[in-house]
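Q: I need the structure of the sequence given here:
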Amino acid sequence: MLLQTGQDVDVIQLDLASLETVDDFVKEFTGKYRRCDVLMNNAGVMAGAYTRPPFGSTEAHTVI
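A: Residues are numbered from 1 along each chain as shown. Below is the predicted model:
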């Protein structure tokens, strides 16, 4: 991205199935920036194992 646009890209990890990572994301983002002009999300599931999020009893693929 830097080579094509001259703009740097910052990547901050965020797992919406974990409220702890949501809090960490917010702290890091608000510590660096006042606003977000562009947000790129990436999510993918490919025949993953059955999992439960740490906060509840719903299967993770239906929660996110």
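Q: CA only for contacts and neighbour counts going forward, please
A: OK.
Q: quick one: K27 and E20, what's the gap?
A: 11 Å (CA to CA, to the nearest Å).
Q: can you give me the helices in this structure?
A: 2-5, 19-32, 60-63 (DSSP state H).
Q: what number of residues lie near R35?
A: Neighbourhood size, R35 [other CA atoms under 10 Å]: 8.
Q: any regions of the chain where pLDDT drops low?
A: Under the criterion pLDDT under 70, the flagged ranges of the chain are 1-3, 43-64.
Q: could you rerun that using 50?
A: Along the chain, the model assigns pLDDT under 50 to residues 63-64.
Q: and Q13, what does it touch?
A: By CA atoms under 8 Å, 6 or more residues apart in numbering, the contact set of Q13 is T21, F25.
Q: distance to V11 added to the helices of the chain, as JSON lines?
A: Converted to JSON lines, those look like this (distance: least, CA to CA, whole Å):
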{"stretch": "helix 2-5", "distance to V11": "13"}
{"stretch": "helix 19-32", "distance to V11": "10"}
{"stretch": "helix 60-63", "distance to V11": "23"}
